[in-house]
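Asker: predicted structure and sequence below. I'll ask about it afterward.
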Amino acid sequence: MDISTGNGQTAAAPAEASCGETADKVKQRVRRPEIRSVAVEGQCTSVSIKTALDDGESGKAKQICDAAAEVAYSEDTNAIRVLGRSGKELSVGIANAPCLAQP
């Protein structure tokens, strides 16, 4: 049991550092007042951007996604989700493709 705990801590530290760098890059690139938080999820595979946007503001969410896409994608990170105030997904992006506004 001690071995798995030790391995978990050893393996998690570099991944957390890498994920944190991605989140920080996105925060620095996408400076908008409506952004509430930026987090990297799913073993660093996805950037989740929570905003104060209303459900009908998918155009603004796409602008946020486009800006985040300039710095977010890496070996591990291949997706971006922009969420509105209600938690609705307003825009999505995947590596090597343009961001899309959700209807």
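Answerer: Nice, I can see it.
Asker: check what pLDDT A61 gets.
Answerer: Per-residue pLDDT puts A61 at 97.
Asker: use 21 as the first number from now on
Answerer: With 21 as the first residue, the last one maps to A81.
Asker: any idea how far it lies from E41?
Answerer: The spacing between A81 and E41, counted by C-beta to C-beta, to the nearest Å, is 24 Å. Every residue, glycine included, has its C-beta placed from N, CA and C.
Asker: who has more neighbours, the two?
Answerer: For A81 and E41, the more surrounded residue by other C-beta atoms under 10 Å is A81, and the numbers stand at 27 against 13.
Asker: in terms of helix, strand or coil, where does that one fall?
Answerer: Of the three states, A81 takes helix under DSSP: H, G, I helix; E, B strand; the rest coil.
Asker: then S68?
Answerer: Three-state call for S68 (three-state DSSP): strand.
Asker: quick check on R101: phi, psi?
Answerer: Phi and psi for R101, reported as degrees, to the nearest 10, are phi -130, psi 130.
Asker: quick one, what contacts the residue lying closest to it once chain neighbours are set aside?
Answerer: Distances taken as C-beta to C-beta, 6 or more residues apart in numbering place S68 nearest to R101, at 5.0 Å, with adjacent residues excluded. S68 is in contact with 58-61, 101, 103, counting by C-beta atoms under 8 Å, 6 or more residues apart in numbering.
Asker: per-residue confidence at S68?
Answerer: Predicted confidence (pLDDT) for S68: 96.
Asker: partner residues bridging it?
Answerer: Assessed by DSSP bridges, S68 has beta-bridge partners A59, R101.
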